[in-house]
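**Q** coordinates only, sequence not included:
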């Protein structure tokens, strides 16, 4: 059960003296990151994923109860507080340069980058657009498009593939635990067997993650100039960029582990014939 944990990792900041972030600083950063809009898109992604999950696990058997469960699990006003708690905890754990992050996201380029990220994520809800983005990535790789090298550098600097793979494995484990909590796993499926099953999915998760991330970023950042991309990468290498990256993933991982566990419980209830 792969969930995409891709976090918007942004660039170009004016360095200031590091300080431990306050709750007000974190709230201001959440606002300029436009997380309300991000989680609205993620909610729509979750609804689509719920439909696919029903088709794979219990075609036509989920009914209204399954749809309601998915809607509740992916409700933005439920997910966002969980994200904020983990995000803020990571930001306040050690000195970070919140001022640099806020300076960037308040800039023209920062606002543009955020808009591109959200717009591309929303566009990928259309399967035709996602298919087209993957074909475009294949073309870029075949033609050795110079822009792709910048995208690849950005992915590497932010460790986007491996971090997402790790998050996906954790989410899959939580999903199986949810199934077990609902009584949908046999007695022979203990924790060791779940771990073995999850690890067996690692290669498939890595391959899918690599393609999705590169196709998404190539599409999202297509309007940026090479110079803007270079600035983006430079910030990502800096301490503020790395601190932000780490905090974003802490937030997203917390959300998706919880979401996956609840999805597993809900799916398990359907399989076991229970009321959700």
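**A** Nice, thanks for sending it over. Model, not experiment: these values are computed from the prediction.
**Q** now do the buried residues in the helix or strand hosting residue 205.
**A** Take DSSP states H and E as the rule and residue 205 turns out to sit in helix 202-220. For helix 202-220, the neighbour count (16 or more other Cβ atoms under 10 Å) marks 205-206, 208-210, 212-220 as buried. Using the backbone N, CA and C atoms, a C-beta is placed for each residue, glycine as well.
**Q** now residue 184, what's its secondary structure?
**A** Judged by DSSP: H, G, I helix; E, B strand; the rest coil, the three-state class of residue 184 is coil.
**Q** circling back: run through the neighbouring helices and strands of the helix holding residue 205.
**A** Applying 3 or more Cβ pairs under 8 Å, 6 or more residues apart in numbering; DSSP states H and E, we find helix 202-220 packed against helix 108-123, helix 127-143, helix 146-157, helix 160-181.
**Q** among the ones you listed, which is nearest residue 197?
**A** Residue 197 lies closest to helix 160-181 among those, at 6.8 Å (Cβ to Cβ).
**Q** residues contacting that closest one, please?
**A** With Cβ atoms under 8 Å, 6 or more residues apart in numbering as the test, helix 160-181 has contacts from 1-6, 9, 154-155, 185, 189, 194-195, 197-199, 201-202, 205-206, 209-210, 213, 249, 252-253, 256-268, 271.
**Q** relative to helix 202-220, how tilted is the helix or strand following that helix?
**A** Per DSSP H and E, the first helix or strand lying C-terminal to helix 160-181 is helix 191-199. Note on geometry: by axes from the mean of the first three to the mean of the last three Cα atoms, to 10 degrees, helix 191-199 and helix 202-220 are set 40 degrees apart in direction.
**Q** what is the mean pLDDT for helix 191-199?
**A** Predicted confidence along helix 191-199 averages 93 (mean pLDDT).
**Q** just name the most buried of the helices and strands packed on helix 202-220.
**A** Highest mean neighbour count of the helices and strands packed on helix 202-220: helix 160-181, a mean of 21 (counted as mean count of other Cβ atoms under 10 Å).
**Q** quick one: mean pLDDT for that helix?
**A** For helix 160-181, the per-residue pLDDT averages 95.
**Q** phi, psi for residue 96 please.
**A** Backbone torsions of residue 96, given as degrees, to the nearest 10, read phi -140, psi 160.
**Q** quick one: the residue nearest to it when sequence neighbours are not counted from residue 88, how far?
**A** Nearest non-adjacent residue to residue 96, counting by Cβ to Cβ, 6 or more residues apart in numbering: residue 243, 4.4 Å away. Relative to residue 88, residue 243 is positioned 13 Å away (Cβ to Cβ, to the nearest Å).
**Q** one more: residue 237?
**A** 24 Å.
**Q** comparing these two, which residue is more hemmed in?
**A** Of the pair residue 237 and residue 88, residue 88 is the one with more neighbours under other Cβ atoms under 10 Å, namely 21 against 12.
**Q** fine, thanks again, bye for now.
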